[in-house]
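>>> Task: produce atomic coordinates for the following.
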Amino acid sequence: MAGAAEFFGGIALVRGLLVRPAAAALAFAMLVAILTVHIGKGFFMSSNGYEYALALLAASLSLVFSGAGRASLDTAWVMRAVAR
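Predicted structure coming up:
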């Protein structure tokens, strides 16, 4: 389940499609990864810690709150719907 969220969520983010739900799924996957796998190994990535997963969590959360940019498919669809 987490692998599918990471794969399809990453594709959705690159394309700018359904950015907020995809980012929320990725943020949840990173939170679960931090709490189940990396938390006991310390902070730094050199010891397989949660440093990198925390950075990905922060980036995903920022996309959840900010949404897609002007060059995304989400914005293009909204502009097309408003123009009609």
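
>>> Which helix or which strand is home to R80?
In the assignment (DSSP states H and E), R80 maps to helix 73-83.

>>> Relative to the whole chain's centre, how far out is that helix?
22 Å (CA atoms, centre = their mean, to the nearest Å).

>>> And for stretch 40-51?
20 Å.

>>> List the buried residues for it?
Using 16 or more other CB atoms under 10 Å as the burial criterion, the residues of stretch 40-51 that qualify are 49-50. Heads up, the C-betas are built off the backbone N, CA and C, glycines and all.

>>> residues of the helix holding R80 that come out buried?
Those would be D74, for helix 73-83 by 16+ other CB under 10 Å.

>>> which helices and strands sit right next to it?
Helix 73-83 sits against no helix or strand, with contacts defined as 3 or more CB pairs under 8 Å, 6 or more residues apart in numbering; DSSP states H and E.

>>> Now do that helix, average pLDDT.
On average, the pLDDT along helix 73-83 is 84.

>>> Ok, stretch 53-64 next?
pLDDT averaged over stretch 53-64 gives 95.

>>> contacting residues around whatever helix or strand G3 lives in?
In this assignment (DSSP H and E), G3 forms part of helix 2-15. Helix 2-15 has contacts (CB atoms under 8 Å, 6 or more residues apart in numbering) with 18-19, 21-23, 25-26, 28-29, 32-33, 63, 72-73.

>>> Fine by me, we can end here.
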